[in-house]
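Chemist: Return atomic coordinates for the entry below.
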Amino acid sequence: MNRGELIRRYLFFTAGLFVNALGVSLITKARLGTSPITSIPYVLDIGFAPTLGMFTLVFNLLLVALQLGILRRRFPRHFWLEIPVTLGFSCFIDLTMSMLTAYSPQGYPLQVLSLLLGCLVLGFGVFMEMAAGVVMLPGECTVSAISTTWHTDFGKTKVAVDVTMAVTAAVLGLLLYHRLAGVREGTILSALLVGMIARTFHSRLNGGIQHVLEHRDGSGASEGQAA
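Modeler: Sure, this is the predicted structure:
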């Protein structure tokens with residue numbers, strides 16, 4: 001991978017982070033729960049002063065610490081990139097939540113529509129991040145650490161981690177507010193839909209995206225390679 005391609009991939013990944021954050025904000029604004037990975041920070045944000053982005057930053061740093069505990073000396077050097085990545089992602093969440101300050105869908109049909117739109121946007125953001133192929137967010141890296149250490153299927157492990165986060169958020173809401181706060185049907189729907197949407201975008205768009213990122217010419221040679 002030459003320098004030009006690497007720059008393009010990181011720029012595409014950064015754009016994917018923003019799209020991902022926008023999707024999370026749209027889902028959250030629907031007030032029907034949020035995505036499993038954001039559910040714990042969201043429950044904390046309901047009753048405490050720091051922003052959703054700040055809680056997301058702290059939570060993701062805890063996930064990095066969990067990976068260190070699981071992998072120990074096998075912790076890959078490039079996983080340290082998760083720290084600046086999650087900082088950027090958290091800032092993007094606060095930015096998009098601020099951009100959507102006046103956005104407040106009223107009535108259940110509009111809330112569901114906002115939820116579905118958020119899932120679509122979030123799914124596209126996840127596709128962009130995976131297509132970039134440079135680094136992952138702490139949520140995915142944690143799943144990778146677990147599946148690598150205990151030799152479990154990545155997809156099934158991802159589902160188990162998402163369920164664990166949603167259940168933890170529900171329990172946290174009951175303990176803090178004595179009600180089921182922040183975890184609703186939107187949490188379940190986003191868990192079911194986002195991965196499917198990301199896979200659909202991957203099957204339809206990944207070939208063209210990779211062509212652009214690799215900047216191949218008509219003969220199929222990569223940029224900077226001899227014909």
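Chemist: For the residue lying closest to Pro36 once chain neighbours are set aside, give me its contacts.
Modeler: Of all residues beyond its chain neighbours, the one nearest Pro36 is Asp162 (3.9 Å), with distances taken as CB to CB, 6 or more residues apart in numbering. Where you see a C-beta, it was placed from the backbone N, CA and C, and this is true even at glycine. With contact taken as CB atoms under 8 Å, 6 or more residues apart in numbering, Asp162 is in contact with Pro36, Ile37, Ala191.
Chemist: Sticking with Asp162, tell me its helix or strand.
Modeler: Asp162 belongs to helix 154-177 when elements are defined using DSSP states H and E.
Chemist: Now do the buried residues in that helix.
Modeler: Thr157, Lys158, Val159, Val161, Asp162, Met165, Ala166, Ala169, Ala170, Leu172, Gly173 (16 or more other CB atoms under 10 Å).
Chemist: so what's the residue nearest to the last one when sequence neighbours are not counted scoring on pLDDT?
Modeler: Going back to what we said before, that points to Gly173. Excluding the flanking residues, the one nearest Gly173 by CB to CB, 6+ apart is Ala181, at 3.6 Å. We have a pLDDT of 87 for Ala181.
Chemist: What strand or helix carries Ala181?
Modeler: Going by DSSP H and E, Ala181 is not in any helix or strand.
Chemist: what residue ranges in the chain score low on pLDDT?
Modeler: 216-227 (pLDDT under 70).
Chemist: quick one, helices of it?
Modeler: Under the criterion DSSP state H, the chain carries helices at the ranges 3-29, 36-47, 52-71, 82-99, 108-132, 138-150, 154-177, 185-214.
Chemist: by how many degrees do the fourth one and helix 3-29 diverge?
Modeler: Put plainly, it is helix 82-99. 50 degrees (axes from the mean of the first three to the mean of the last three CA atoms, to 10 degrees).
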